[in-house]
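Asks: okay, predicted coordinates and the sequence, questions at the end:
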Amino acid sequence: MDSSRIARITPTGTVTEFGTGINANSEPSAITAGPDGNLWFTEHSSWIGRLELGAGATLSPASRDFGKWAVDTAGGVRQFTVTSTGTAPLIVDDASIGGANAGDFAIANDKCSGATVAPGHSCTIGVRFTPGAADARAAKLRVPDNAADGHFAALTGTGIAAPVSSPPHPSGGSSAPHPESAGLASTGPNVRWPAGVGAAVLVLGAALAFAGRKRGRRSI
């Protein structure tokens, strides 16, 4: 048997070894049950150790800065690790995100929610940051389990305003259409009328001129 482990033997002969949190080659001895329900023991180096009976967990890192990203632009996924540190399997409930700017962070690649993690093993949860405004953003990742009320990690990031591009300027001169191409008719060198009005003026002028010539004729 490993000299840095404590074993439990059931009445039916099942042996379970526990080594998480025990120093290597510590040769634990004088094992006793404490009033807190855990096992207490001494090591050969005169250290006193405690073996927690039941599930235990850690969430790391405890905080993560996602950096600066343009508003409404999704950043890369950052990983968080849940490690089972107790002596019983860790049962993880659904992870969630809360806090002031919870909507700016989203869970992705979640391999922990609903999982049962054996002692000494771990699972990962990914979180993606998409800032919704151009300022500092903050939230919290919560991972509930059967070891405690929940483990938390602080999430921070910064949204920055995207640069505004100027509209292209015309490379040549003015592209405004000539009056004729816009449906205008000319009645003289300096006067322009809308096409319909100009045509009516020209017809009216021709009719008046014809009538004038007709009145000026004499019969022979």
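Replies: Right, received. Where do you want to start? Numbering: from 1, shown residues only.

Asks: which secondary element of this protein has the worst mean pLDDT?
Replies: Ranking every helix and strand in the chain by mean pLDDT, DSSP states H and E puts strand 184-186 at the bottom, with a mean of 47.

Asks: which SS class is the nearest residue to G56 once chain neighbours are set aside?
Replies: Nearest non-adjacent residue to G56, counting by CB to CB, 6 or more residues apart in numbering: G86, 3.1 Å away. In this view, the C-beta of every residue, glycine as well, is placed from N, C-alpha and C. In three-state terms, and counting by DSSP: H, G, I helix; E, B strand; the rest coil, G86 is coil.

Asks: so G86 touches A55, yeah?
Replies: Yes - here G86 reaches A55: they are 4.3 Å apart, a contact under CB atoms under 8 Å.

Asks: mind listing the shared neighbours of these two?
Replies: Residues touching both G86 and A55 (CB atoms under 8 Å, 6 or more residues apart in numbering): A147.

Asks: about what we covered before: so what pLDDT did the residue nearest to G56 get?
Replies: Looking at G86, its pLDDT is 80.

Asks: can you check G54 too?
Replies: In this model, G54 carries a pLDDT of 76.

Asks: how about T42?
Replies: Looking at T42, its pLDDT is 74.

Asks: how near is it to S84?
Replies: From T42 across to S84, the span is 26 Å (CB to CB, to the nearest Å).

Asks: how many residues are close by A161?
Replies: Residues within reach of A161, counting by other CB atoms under 10 Å, total 10.

Asks: next: D110.
Replies: 18.

Asks: now do the same contact list for A115.
Replies: I91, V92, C123.

Asks: out of those residues, which sit inside strands?
Replies: Among these, the members found in strands (DSSP state E) are I91, C123.

Asks: of the contacts of A115 - the most surrounded one?
Replies: Among the contacts of A115, the one with the most neighbours (other CB under 10 Å) is V92, at 25 neighbours.

Asks: which residues touch that residue?
Replies: A57, V82, C112, S113, G114, A115, T116, V117, C123, V143, P144, D145.

Asks: fine by me, we can end here.
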